[in-house]
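1. this one's structure only:
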């Protein structure tokens with residue numbers, strides 16, 4: 001008999017939060033990309049333009065993890081007109097030894113939110129100045145909130161600015177975050193002004209044209225771009241490659257759908273240059289920031305190793321806490337016809 005654990009979003013919100021252990025978990029996954037024979041196929045993407053829908057499927061096998069995750073992430077952007085959320089999804093955990101399904105994580109995208117924010121913290125930990133205390137976030141959605149919260153886990157953030165096209169949303173996020181976390185957070189209407197003087201800048205938007213210009217960046221700043229997770233998305237001016245030290249989460253991926261993709265298309269970055277990856281910087285086999293006045297730029301498009309890592313963390317915590325439901329799935333032995 002096969003036993004399958006089923007965990008709901010409510011279970012997972014209780015079990016996994018954006019904390020130091022989540023950041024460490026994702027950091028270890030990135031390091032594995034540079035040090036272990038990880039199997040991570042290209043992202044499978046299904047577009048359903050009739051309903052402004054897209055579905056991404058990501059997975060990775062990471063040696064050392066007992067299980068691997070397959071994540072299905074739908075985004076249907078007309079759903080709010082139907083009273084439904086734009087994003088949902090789930091993760092399936094399978095045994096790395098037998099391939100049997102071990103768990104269904106019905107997270108509705110929650111674990112993706114956590115692992116994405118944790119990745120931002122990992123990038124800041126390894127690429128920003130250790131004394132970085134001022135952050136600027138582009139965007140005012142859930143990921144904007146989580147990215148700022150994640151930065152506070154790895155750097156002594158004392159103040160922050162929020163810029164968004166919808167200034168009212170930026171103002172609300174600034175007020176809510178300041179009240180919840182006890183730091184000064186202000187909404188800034190001008191994007192260039194928001195970036196000026198920041199130690200760390202994180203972009204979290206679905207922009208299709210650059211919202212951050214290369215000439216705005218100042219010596220010593222670190223930039224993490226989170227939003228370019230599809231070919232048509234582009235947050236950063238492609239000429240940034242002449243000014244910043246570029247770090248990819250996975251170079252084969254960012255050449256296709258990251259900010260690097262747009263720079264190659266614009267002719268501001270060579271397609272065959274072996275840019276370093278974040279995992280290699282973590283492992284010490286590639287160089288990140290070497291001086292206080294370096295400008296560093298992390299292009300994070302989201303990887304299957306992050307999903308496998310956070311899903312394994314969730315299942316381990318669920319077993320320890322006795323959370324979730326367990327169903328039995330009858331298995332027949334022998335070959336399947």
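-> Nice, thanks for sending it over. Model, not experiment: these values are computed from the prediction. Residues are numbered from 1 along each chain as shown.
2. only C-alpha atoms for contact and neighbour calcs from this point on.
-> Noted.
3. Would you map the helices across the stretch 1-150 of the chain?
-> Assigned by DSSP state H, counting those that start in this stretch, the stretch 1-150 of the chain shows helices spanning 9-15, 20-35, 110-127, 142-154.
4. May I see these arranged in JSON lines, with distance to residue 301 and mean neighbour count as well?
-> Below are these laid out as JSON lines (distance: least, Cα to Cα, whole Å; neighbours: other Cα atoms under 10 Å):
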{"stretch": "helix 9-15", "distance to residue 301": "23", "mean neighbour count": "16"}
{"stretch": "helix 20-35", "distance to residue 301": "13", "mean neighbour count": "20"}
{"stretch": "helix 110-127", "distance to residue 301": "9", "mean neighbour count": "25"}
{"stretch": "helix 142-154", "distance to residue 301": "13", "mean neighbour count": "21"}
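5. By residue count, tell me the biggest strand in this protein.
-> Longest strand in the chain by number of residues (criterion: DSSP state E): strand 67-76.
6. ok now that one, how far from the chain's centre?
-> Here the centre of strand 67-76 is set off from its chain's centre by 14 Å, with Cα atoms, centre = their mean, to the nearest Å.
7. just checking, what packs against it?
-> On a contact count with 3 or more Cα pairs under 8 Å, 6 or more residues apart in numbering; DSSP states H and E, strand 67-76 meets strand 53-60, strand 90-95, helix 304-321.
8. per-residue confidence at residue 334?
-> With respect to pLDDT, residue 334 scores 57.
9. ok, the nearest residue to residue 209 once chain neighbours are set aside - contacts?
-> Nearest in space to residue 209, with sequence neighbours left out and distances taken as Cα to Cα, 6 or more residues apart in numbering, is residue 234 at 5.3 Å. Residue 234 is in contact with 206-210, 227-228, 258-259, 262, counting by Cα atoms under 8 Å, 6 or more residues apart in numbering.
10. Give me the buried subset of those.
-> Buried by 16 or more other Cα atoms under 10 Å: 206-207, 227-228, 258-259, 262, out of the contacts of residue 234.
11. how about the helices in the stretch 151-300 of the chain?
-> Secondary structure of the stretch 151-300 of the chain (DSSP H, counting those that start in this stretch): helices at 167-181, 191-195, 251-257, 259-266, 278-283.
12. Now these in a markdown table, please, with extra columns for mean pLDDT.
-> Shown next, in a markdown table, are the helices of the stretch 151-300 of the chain (pLDDT from 0 to 100):
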| stretch | mean pLDDT |
| --- | --- |
| helix 167-181 | 96 |
| helix 191-195 | 98 |
| helix 251-257 | 93 |
| helix 259-266 | 95 |
| helix 278-283 | 98 |
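13. okay if I get those as a markdown table plus distance to residue 94?
-> Formatted as a markdown table, the helices of the stretch 151-300 of the chain follow (distance: least, Cα to Cα, whole Å):
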| stretch | distance to residue 94 |
| --- | --- |
| helix 167-181 | 37 |
| helix 191-195 | 43 |
| helix 251-257 | 24 |
| helix 259-266 | 32 |
| helix 278-283 | 24 |
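14. got a list of what residue 153 touches?
-> 19-20, 121.
15. Is it possible to get JSON lines of these that adds pLDDT?
-> Below are the contacts of residue 153 laid out as JSON lines (pLDDT from 0 to 100):
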{"residue": "19", "pLDDT": "97"}
{"residue": "20", "pLDDT": "97"}
{"residue": "121", "pLDDT": "98"}
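16. Which of the residues you listed sits closest to residue 184?
-> Ranked by distance to residue 184 (Cα to Cα), these are led by residue 121 at 19.5 Å.
17. List of residues touching stretch 58-70?
-> The contact list for stretch 58-70 (Cα under 8 Å, 6+ apart) reads 29, 32, 36-44, 57, 71-72, 91-97, 303-305, 307-309, 311-312.
18. try it again with 7 Å
-> Stretch 58-70 has contacts (Cα atoms under 7 Å, 6 or more residues apart in numbering) with 36, 38-40, 43-44, 57, 71-72, 91-96, 304-305, 307-308, 311-312.
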